[in-house]
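In: build me a model from this:
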Amino acid sequence: AVNMLQKAVEIWLTTNAEATYVYDKSWGGFVNCGCTYKGKGEHGYCSNHFPDECPALEDVNEDFGNGFYNDHHFHYGYHIYAAGVVAKHDPVWAAKTFDRVLLYVRDIAN
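Out: Numbers count the residues shown, from 1 in each chain. Take a look at the predicted model:
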């Protein structure tokens, strides 16, 4: 079960995700670029690509308002907790991903 959770957490920690995270220099936060989803189910894809288009930074209704700092403590809290569970069982993984998880912590706790 921990291996499955680790794989799920790593989706949010990768730098090559379809909906990338970007650092907001204005407010010093960590926001998701968002995804203009095309298709259905497992055959769908994000049709936008960073840095040319970030729908969540332009529309407050996109991506649950993530680009406008809506509920970061709520959404990112799940990622932080899940990473903590994996880290408890795999200290090597914890050391490897520490800085990336810390981005989430700093976003909601600073």
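
In: what ranges do the strands span in this structure?
Out: Assigned by DSSP state E, the strands in the chain fall at 21-24, 29-32, 37-38, 45-46.

In: which of those strands sits closest to Tyr104?
Out: Counting by C-beta to C-beta, Tyr104 lies closest to strand 29-32 out of the strands of the chain; the figure is 6.8 Å. For the C-beta atoms, the positions are set from N, CA and C on the backbone; glycine is no exception.

In: show me the contact partners of the closest one.
Out: 19-24, 56-57, 63, 66-67, 69, 72, 76, 103-104, 106-107 (C-beta atoms under 8 Å, 6 or more residues apart in numbering).

In: centroid-nearest residue for the protein?
Out: With distances taken as C-alpha atoms, centre = their mean, Trp12 lies nearest the centre of the chain, 4.5 Å away.

In: got a pLDDT number for it?
Out: On pLDDT, Trp12 comes in at 85.

In: go on, Asn48?
Out: 83.

In: how many residues are close by the closest residue in space to it that isn't next to it in sequence?
Out: Using C-beta to C-beta, 6 or more residues apart in numbering and skipping residues adjacent in sequence, the residue nearest Asn48 is Thr36, 4.5 Å away. Close neighbours of Thr36, defined as other C-beta atoms under 10 Å, add up to 15.

In: I'd assumed Glu53 was in contact with Thr36.
Out: Yes: using C-beta atoms under 8 Å, Thr36 is in contact with Glu53, at 7.3 Å.

In: show me what contacts Asn70?
Out: Asn70 is in contact with 60, 64, counting by C-beta under 8 Å, 6+ apart.

In: apply 7 Å and report the result again.
Out: Applying C-beta atoms under 7 Å, 6 or more residues apart in numbering, we find Asn70 in contact with Phe64.

In: look up how far Gly29 lies from it.
Out: 11 Å (C-beta to C-beta, to the nearest Å).

In: what's the most buried one of the strands of the chain?
Out: Comparing the strands of the chain on average neighbours per residue, with mean count of other C-beta atoms under 10 Å, the densest one is strand 29-32 at a mean of 21.

In: out of everything not next to it in sequence, what's closest to Gly77?
Out: Ile108 (6.7 Å).
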